[in-house]
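Chemist: whatever this is, show me its structure:
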Amino acid sequence: MEQLSLRRATLDDQHAVSVVSRRAYEPAYFPLIGALPRPATEDYEPWIRDGLVWVCEAKNSVVGALIIKKHADFWMIWSLAVDPTRQGQGIGMWLIEQTKQIARLNSVRTLRLHTNSKMASNLALYQRAGFYQTEIVPHPSRVDHELVYMQFDVEEPNSG
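Modeler: Sure, this is the predicted structure:
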């Protein structure tokens, strides 16, 4: 895999984060669920201002975005998006591994996320990355859809 870098997003990255998110979610979700999920249309300015957005770059171009929502006892991967022209190259898994490392460095013990049960490729990626399913619940706004909640237990920096 080519050289990737991860850094916190700045306001100058807002447009790139929005474009990558929309491009990643639209073709993956719309055909399966008939709608765009919130990360595809979100205003990322407040998230960036709060330091919750990271961008993945390859050759000085944003190819992915990671949005973390911090809670008192865990971090939620709120969105992980990879530009569709770059999917299948290991960037998503690389972003997950970087997220685990950032969590370890910040003494975060648990990472959580959720995805639509119809997103088989997402479920497979997260399972390969060591996440396990914690519950399945009806989607709050989409009939006949379910949300799959998953978790990863982050080991201590010196325990692995």
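Chemist: CA only for contacts and neighbour counts going forward, please
Modeler: Noted.
Chemist: where exactly do the helices run in this structure?
Modeler: All helices of the chain, identified by DSSP state H, fall at 14-33, 38-41, 45-49, 91-105, 120-128.
Chemist: quick one: contacts of the longest one?
Modeler: If you take C-alpha atoms under 8 Å, 6 or more residues apart in numbering as the criterion, helix 14-33 is touched by 35-37, 39-45, 48, 55, 62-65, 81-84, 118-119.
Chemist: the helices of the chain: which one's closest to residue 5?
Modeler: helix 91-105 (9.6 Å; C-alpha to C-alpha).
Chemist: and the average pLDDT for that closest one is what?
Modeler: Mean pLDDT, helix 91-105: 95.
Chemist: give the buried residues for it.
Modeler: For helix 91-105, a neighbour-count test (16 or more other C-alpha atoms under 10 Å) marks 91-96, 99-101, 103-104 as buried.
Chemist: follow-up on the earlier one: export the helices of the chain to a markdown table and tack on distance to residue 153?
Modeler: Converted to a markdown table, the helices of the chain look like this (distance: least, C-alpha to C-alpha, whole Å):
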| stretch | distance to residue 153 |
| --- | --- |
| helix 14-33 | 26 |
| helix 38-41 | 24 |
| helix 45-49 | 24 |
| helix 91-105 | 9 |
| helix 120-128 | 13 |
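Chemist: residue 114 is nearest to which of the ones you listed?
Modeler: helix 120-128 (9.2 Å).
Chemist: I am finished for the moment; much appreciated.
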